[in-house]
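Chemist: the following block contains a protein sequence and its predicted model.
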Amino acid sequence: MATILQIETATQVCSAAISRDGKTIALKELMANNIHAGSLTLFIKEALDLAGLQFEDLDAVAVSMGPGSYTGLRIGVSTAKGLCFALDKPLIAIPTLQMMAQGFMLQNPDYNGLVCAMIDARRMEVFTSVYNKALETVTPVSAKIIDEESFAQELSGHVITFIGNGAAKCMDVLEHENAKFSELNFNSASYMSKLAHEAYSAARFEDVAYFEPFYLKDFVLTTPKKK
């Protein structure tokens, strides 16, 4: 049996879950601004307590690798790497957008269209990728500025459900009859369980010393507007 700690901090959601053999057995999460640094380790401990486990009972640590919030990813990945070093456990990296698509498919098992996971970047830009029902990549991960022509080829032949915190701002732009939108949250460590178990079974582990989050774009420092 593989018992895996899973961490998701790519967006406003701070989430920690425990899975066993691909099934989520404990979850602690909250959606709020700027809580990751102060809450993640507490959520991890609470998830372990819910599962009746100690850190030493873990077989691996899985982390949502991005793209997403620069600060959130740094916090999640550094926490995961620190635990792997301390516990001498392997590190698993799960693509954030694929995790989101997995969550949608788990919630909608009879759905046969495509799913487009979107993470809000800035203005009309999103980090996005399109997946089919088997979680195979239809369009690769990219930073895309959304306009009326976005996804025109895919929408011409498929129903696409747009999900994630980047999807809401695109509703008024993507008005194709095949464009559907879900307002549910799919940034949850609980949706990593199947993917993390598959990676563990295939021994797809990261180099703990050198692994870095997948930011997709360089960090841009902005100056807050004066009130």
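Modeler: Nice, I can see it.
Chemist: ok now stretch 118-133, how far from the chain's centre?
Modeler: Counting by CA atoms, centre = their mean, to the nearest Å, stretch 118-133 is centred 12 Å from the centre of its parent chain.
Chemist: actually stretch 132-143, not the one I wrote
Modeler: 14 Å.
Chemist: now do the end-to-end distance for it.
Modeler: 19 Å (CA to CA, to the nearest Å).
Chemist: over to stretch 59-70?
Modeler: For stretch 59-70, the end-to-end distance is 27 Å (CA to CA).
Chemist: check stretch 147-158 too.
Modeler: 18 Å.
Chemist: residues contacting that stretch, please?
Modeler: 113-114, 116, 124, 130, 138-139, 144, 160, 170, 173-176, 178-179 (CB atoms under 8 Å, 6 or more residues apart in numbering). Glycine gets a C-beta too; all of them are placed from N, C-alpha and C.
Chemist: likewise stretch 33-40?
Modeler: If you take CB under 8 Å, 6+ apart as the criterion, stretch 33-40 is touched by Ile7, Thr9, Gln12, Cys14, Ala16, Leu30, Thr71, Gly72, Ile75, Gly76, Thr79.
Chemist: show me what counts as buried in that stretch.
Modeler: Ile35, His36, Ser39, Leu40 (16 or more other CB atoms under 10 Å).
Chemist: quick one: list the elements packing against the longest helix along the chain.
Modeler: The longest helix of the chain (DSSP state H) is helix 70-87. Using 3 or more CB pairs under 8 Å, 6 or more residues apart in numbering; DSSP states H and E, the elements in contact with helix 70-87 are strand 3-8, helix 36-51, strand 60-64, strand 91-94.
Chemist: let me have these in a markdown table, extended by mean pLDDT and distance to Leu83.
Modeler: Formatted as a markdown table, those follow (pLDDT from 0 to 100; distance: least, CB to CB, whole Å):
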| stretch | mean pLDDT | distance to Leu83 |
| --- | --- | --- |
| strand 3-8 | 98 | 7 |
| helix 36-51 | 97 | 8 |
| strand 60-64 | 98 | 5 |
| strand 91-94 | 98 | 9 |
